[in-house]
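**Q** Just a sequence and a predicted model for now, questions to come.
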Amino acid sequence: MSYALCEMISIIIPVYNQAEKLKQCLESIKNQAYDNYEIIIINDRSTDKLSRIIELSKKEFGYKIEWLHNYSNHGAPYARNKGFKRSKGEYLLFCDSDAILKPQALEIMVQTLRSNPQASYAYSSFLWGRKLFKLEQFSAEKLRQMPYIHTMSLIKREDFPGNGWDESIKKLQDWDLWLTMLEQGHSGIWIDQILFKIQTGGTMSNWMPSFAYKFFPFLPSVKKYKQAIKIIKIKHNLII
(Lines give C-alpha, C1' and ligand atoms only; values in the text may rest on other atoms or scores of the structure.)
Protein backbone atom coordinates (compact mmCIF):
# COMPACT_ATOMS: atom_id res chain seq x y z
CA MET A 1 0.00 0.00 0.00
CA SER A 2 1.29 3.47 -0.86
CA TYR A 3 1.08 6.33 1.63
CA ALA A 4 2.53 8.95 -0.68
CA LEU A 5 -0.31 11.41 0.01
CA CYS A 6 -0.24 10.94 3.79
CA GLU A 7 1.88 12.66 6.41
CA MET A 8 5.60 12.14 6.10
CA ILE A 9 7.75 10.60 8.83
CA SER A 10 11.25 11.96 9.34
CA ILE A 11 13.42 9.07 10.52
CA ILE A 12 16.49 10.58 12.18
CA ILE A 13 19.35 8.19 12.91
CA PRO A 14 22.55 9.19 14.75
CA VAL A 15 25.30 6.65 14.14
CA TYR A 16 28.65 6.12 15.78
CA ASN A 17 30.63 2.99 14.90
CA GLN A 18 27.58 0.84 14.14
CA ALA A 19 28.07 0.18 10.42
CA GLU A 20 26.88 -3.42 10.29
CA LYS A 21 23.95 -2.84 12.62
CA LEU A 22 22.95 0.26 10.68
CA LYS A 23 22.79 -1.87 7.54
CA GLN A 24 20.18 -4.12 9.20
CA CYS A 25 18.31 -1.10 10.54
CA LEU A 26 18.03 0.39 7.04
CA GLU A 27 16.90 -2.95 5.65
CA SER A 28 14.03 -3.00 8.15
CA ILE A 29 13.05 0.54 7.14
CA LYS A 30 13.07 -0.41 3.47
CA ASN A 31 10.58 -3.18 4.28
CA GLN A 32 8.06 -0.87 5.97
CA ALA A 33 4.44 -0.94 4.81
CA TYR A 34 4.24 2.81 5.40
CA ASP A 35 6.47 4.25 2.71
CA ASN A 36 6.12 8.03 3.03
CA TYR A 37 9.27 8.82 4.96
CA GLU A 38 12.64 10.50 4.73
CA ILE A 39 15.78 9.19 6.38
CA ILE A 40 18.37 11.56 7.81
CA ILE A 41 21.51 9.86 9.08
CA ILE A 42 24.07 11.78 11.11
CA ASN A 43 27.53 10.22 11.18
CA ASP A 44 28.89 11.36 14.53
CA ARG A 45 32.52 11.04 13.46
CA SER A 46 32.58 7.24 13.31
CA THR A 47 35.92 5.52 13.00
CA ASP A 48 34.63 2.32 11.40
CA LYS A 49 33.98 1.89 7.68
CA LEU A 50 30.66 3.45 6.80
CA SER A 51 31.51 4.31 3.19
CA ARG A 52 30.04 1.11 1.72
CA ILE A 53 26.84 1.48 3.75
CA ILE A 54 26.54 5.07 2.56
CA GLU A 55 26.88 4.14 -1.12
CA LEU A 56 24.49 1.20 -0.88
CA SER A 57 21.86 3.23 0.97
CA LYS A 58 21.97 6.00 -1.63
CA LYS A 59 21.29 3.44 -4.36
CA GLU A 60 18.47 1.76 -2.44
CA PHE A 61 16.66 4.81 -1.06
CA GLY A 62 17.55 7.53 -3.58
CA TYR A 63 16.05 10.90 -2.70
CA LYS A 64 14.57 9.51 0.52
CA ILE A 65 17.92 9.43 2.31
CA GLU A 66 20.34 12.16 3.37
CA TRP A 67 23.68 11.80 5.10
CA LEU A 68 25.10 14.46 7.42
CA HIS A 69 28.61 14.29 8.88
CA ASN A 70 29.96 15.79 12.09
CA TYR A 71 33.60 16.87 12.10
CA SER A 72 33.99 15.71 15.68
CA ASN A 73 32.09 13.40 18.01
CA HIS A 74 29.35 15.42 19.75
CA GLY A 75 27.06 12.66 21.05
CA ALA A 76 23.53 11.54 20.21
CA PRO A 77 21.54 14.62 21.39
CA TYR A 78 23.60 16.97 19.20
CA ALA A 79 23.27 14.60 16.24
CA ARG A 80 19.50 14.26 16.72
CA ASN A 81 19.06 18.03 16.87
CA LYS A 82 21.13 18.43 13.72
CA GLY A 83 18.96 15.90 11.94
CA PHE A 84 15.76 17.51 13.21
CA LYS A 85 16.76 20.89 11.77
CA ARG A 86 17.03 19.29 8.32
CA SER A 87 13.82 17.28 8.62
CA LYS A 88 10.49 18.10 7.00
CA GLY A 89 8.08 15.42 8.22
CA GLU A 90 4.88 15.89 10.21
CA TYR A 91 6.07 13.03 12.42
CA LEU A 92 9.50 12.39 13.93
CA LEU A 93 11.13 9.06 14.73
CA PHE A 94 14.52 9.28 16.41
CA CYS A 95 15.70 5.82 15.48
CA ASP A 96 18.66 4.01 17.04
CA SER A 97 21.16 2.67 14.52
CA ASP A 98 21.06 -0.75 16.22
CA ALA A 99 17.27 -1.08 15.95
CA ILE A 100 15.33 -3.42 13.69
CA LEU A 101 11.72 -2.41 13.04
CA LYS A 102 8.90 -4.80 12.29
CA PRO A 103 7.37 -4.22 8.82
CA GLN A 104 4.15 -2.71 10.19
CA ALA A 105 5.84 -0.53 12.84
CA LEU A 106 5.52 2.87 11.15
CA GLU A 107 2.00 2.14 9.93
CA ILE A 108 0.79 1.10 13.39
CA MET A 109 2.34 4.11 15.12
CA VAL A 110 0.84 6.58 12.63
CA GLN A 111 -2.60 4.97 12.86
CA THR A 112 -2.40 5.06 16.67
CA LEU A 113 -1.69 8.80 16.71
CA ARG A 114 -4.45 9.46 14.18
CA SER A 115 -6.91 7.54 16.35
CA ASN A 116 -5.78 9.30 19.55
CA PRO A 117 -5.43 13.02 18.75
CA GLN A 118 -4.89 13.85 22.42
CA ALA A 119 -1.54 12.02 22.37
CA SER A 120 1.68 13.70 21.25
CA TYR A 121 3.69 10.52 20.74
CA ALA A 122 3.17 6.77 20.44
CA TYR A 123 5.47 4.20 22.02
CA SER A 124 5.51 0.40 22.10
CA SER A 125 7.00 -2.57 23.88
CA PHE A 126 10.24 -3.89 22.41
CA LEU A 127 12.95 -6.53 22.58
CA TRP A 128 16.52 -5.99 23.72
CA GLY A 129 18.17 -9.04 22.27
CA ARG A 130 15.87 -11.77 23.53
CA LYS A 131 14.67 -9.89 26.57
CA LEU A 132 11.16 -8.44 26.38
CA PHE A 133 10.59 -4.91 27.66
CA LYS A 134 6.80 -4.95 27.98
CA LEU A 135 5.70 -1.41 28.75
CA GLU A 136 2.31 -0.14 29.91
CA GLN A 137 -0.26 2.59 29.51
CA PHE A 138 1.02 6.14 29.82
CA SER A 139 1.17 7.46 33.38
CA ALA A 140 2.43 10.94 34.19
CA GLU A 141 2.99 9.86 37.79
CA LYS A 142 5.12 6.88 36.81
CA LEU A 143 7.06 8.94 34.27
CA ARG A 144 8.02 11.37 37.02
CA GLN A 145 9.31 8.44 39.07
CA MET A 146 11.34 6.50 36.51
CA PRO A 147 12.34 6.20 32.85
CA TYR A 148 10.25 3.61 31.05
CA ILE A 149 9.53 4.95 27.53
CA HIS A 150 12.09 4.26 24.80
CA THR A 151 13.57 6.90 22.51
CA MET A 152 12.06 5.17 19.49
CA SER A 153 8.59 6.66 19.75
CA LEU A 154 6.71 8.42 16.95
CA ILE A 155 6.37 12.12 17.84
CA LYS A 156 4.09 14.76 16.36
CA ARG A 157 6.37 17.47 15.04
CA GLU A 158 4.11 20.23 16.32
CA ASP A 159 4.54 18.96 19.89
CA PHE A 160 8.30 18.40 19.83
CA PRO A 161 10.09 20.82 22.22
CA GLY A 162 11.36 23.99 20.59
CA ASN A 163 14.80 23.54 22.13
CA GLY A 164 15.02 19.93 20.99
CA TRP A 165 17.14 17.43 22.88
CA ASP A 166 19.14 18.76 25.82
CA GLU A 167 22.72 18.34 24.63
CA SER A 168 24.09 18.64 28.16
CA ILE A 169 22.35 15.41 29.22
CA LYS A 170 24.67 12.45 28.65
CA LYS A 171 22.51 9.61 29.97
CA LEU A 172 18.74 8.95 30.13
CA GLN A 173 18.18 11.48 27.36
CA ASP A 174 14.84 9.95 26.43
CA TRP A 175 13.53 10.31 29.99
CA ASP A 176 14.57 13.97 29.95
CA LEU A 177 12.71 14.51 26.66
CA TRP A 178 9.46 12.91 27.83
CA LEU A 179 9.56 14.87 31.09
CA THR A 180 10.11 18.10 29.15
CA MET A 181 7.14 17.31 26.92
CA LEU A 182 5.05 16.42 29.99
CA GLU A 183 5.82 19.83 31.49
CA GLN A 184 4.58 21.37 28.23
CA GLY A 185 1.28 19.50 28.49
CA HIS A 186 2.08 16.62 26.12
CA SER A 187 1.54 12.94 26.87
CA GLY A 188 2.08 9.64 25.09
CA ILE A 189 0.05 6.57 24.23
CA TRP A 190 1.17 2.98 24.52
CA ILE A 191 0.89 0.43 21.73
CA ASP A 192 0.52 -3.04 23.23
CA GLN A 193 2.73 -4.67 20.60
CA ILE A 194 6.43 -5.34 20.06
CA LEU A 195 7.33 -3.06 17.15
CA PHE A 196 11.12 -3.19 17.20
CA LYS A 197 14.17 -4.98 18.48
CA ILE A 198 17.42 -3.48 19.77
CA GLN A 199 20.52 -5.46 18.85
CA THR A 200 22.79 -6.10 21.82
CA GLY A 201 26.17 -4.44 22.06
CA GLY A 202 24.89 -0.97 21.23
CA THR A 203 23.31 1.91 23.13
CA MET A 204 21.52 -0.35 25.63
CA SER A 205 24.34 -2.84 26.07
CA ASN A 206 24.93 -1.74 29.66
CA TRP A 207 21.46 -2.85 30.76
CA MET A 208 21.45 -4.93 33.93
CA PRO A 209 18.63 -6.70 35.81
CA SER A 210 16.90 -4.55 38.41
CA PHE A 211 18.26 -6.49 41.37
CA ALA A 212 21.79 -5.40 40.42
CA TYR A 213 20.99 -1.80 41.34
CA LYS A 214 19.89 -2.90 44.81
CA PHE A 215 22.52 -5.48 45.67
CA PHE A 216 25.56 -4.14 43.79
CA PRO A 217 25.57 -0.37 44.41
CA PHE A 218 29.36 -0.30 44.28
CA LEU A 219 29.51 -1.19 40.57
CA PRO A 220 30.68 1.74 38.39
CA SER A 221 27.74 1.30 36.00
CA VAL A 222 25.27 1.42 38.90
CA LYS A 223 26.90 4.57 40.29
CA LYS A 224 26.73 6.27 36.88
CA TYR A 225 23.09 5.32 36.47
CA LYS A 226 22.14 6.69 39.89
CA GLN A 227 24.03 9.90 39.19
CA ALA A 228 22.16 10.26 35.89
CA ILE A 229 18.84 9.78 37.70
CA LYS A 230 19.82 12.52 40.15
CA ILE A 231 20.71 14.97 37.35
CA ILE A 232 17.34 14.47 35.64
CA LYS A 233 15.40 14.79 38.89
CA ILE A 234 17.16 18.02 39.83
CA LYS A 235 16.53 19.51 36.37
CA HIS A 236 12.82 18.70 36.50
CA ASN A 237 12.33 19.54 40.19
CA LEU A 238 11.39 16.00 41.13
CA ILE A 239 11.71 14.63 44.65
CA ILE A 240 15.14 13.10 45.27
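**A** Everything's here; your move.

**Q** Give me the residues contacting the longest strand seen in the chain.
**A** What stands out as the longest strand in the chain, according to DSSP state E, is strand 188-198. Contacts to strand 188-198, defined as C-beta atoms under 8 Å, 6 or more residues apart in numbering, come from residues 28, 96, 98-102, 104-105, 108-109, 112-113, 116, 119-129, 132, 135-138, 149, 152-153, 178, 204. C-beta here means a position set from N, CA and C on the backbone, and glycine is covered the same way.

**Q** Got a quick ChimeraX command for the buried subset of those residues?
**A** Only the buried entries of the contacts of strand 188-198 go into this ChimeraX selection, using 16 or more other C-beta atoms under 10 Å:
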select :28,96,98,99,100,101,102,105,108,109,112,113,119,120,121,122,123,124,125,126,127,128,135,138,149,152,153,178,204
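
**Q** taking the contacts of strand 188-198 one by one, which sit in helices?
**A** Using DSSP state H, S28, A105, I108, M109, T112, L113, W178 are the members of those that sit in helices.

**Q** Out of those residues, which is nearest to F84?
**A** Each of those was checked against F84 using C-beta to C-beta; the closest is W178, at 16.1 Å.

**Q** For S120, see how far away that closest one is.
**A** As defined by C-beta to C-beta, to the nearest Å, W178 lies at a distance of 10 Å from S120.

**Q** just G83 next, same as before
**A** In terms of C-beta to C-beta, G83 sits 19 Å off from S120.

**Q** Could you do I155 as well?
**A** The gap separating I155 from S120 is 7 Å, by C-beta to C-beta.

**Q** With S153 instead?
**A** In terms of C-beta to C-beta, S153 sits 9 Å off from S120.

**Q** and the one helix or strand S57 maps to, what other elements does it pack with?
**A** Element membership for S57, per DSSP states H and E: helix 51-61. Contacts defined by 3 or more C-beta pairs under 8 Å, 6 or more residues apart in numbering; DSSP states H and E place helix 51-61 against helix 19-30, strand 37-43, strand 65-69.

**Q** closest one to Q173 among the ones you listed?
**A** Comparing the helices and strands packed on helix 51-61 by C-beta to C-beta, strand 37-43 comes nearest, at 14.6 Å.

**Q** Just give me how far that closest one sits from the chain centre.
**A** 13 Å (C-alpha atoms, centre = their mean, to the nearest Å).

**Q** other SSEs contacting it?
**A** strand 9-15, helix 19-30, helix 51-61, strand 65-69, helix 76-86.

**Q** That's all I had, so thanks and see you.
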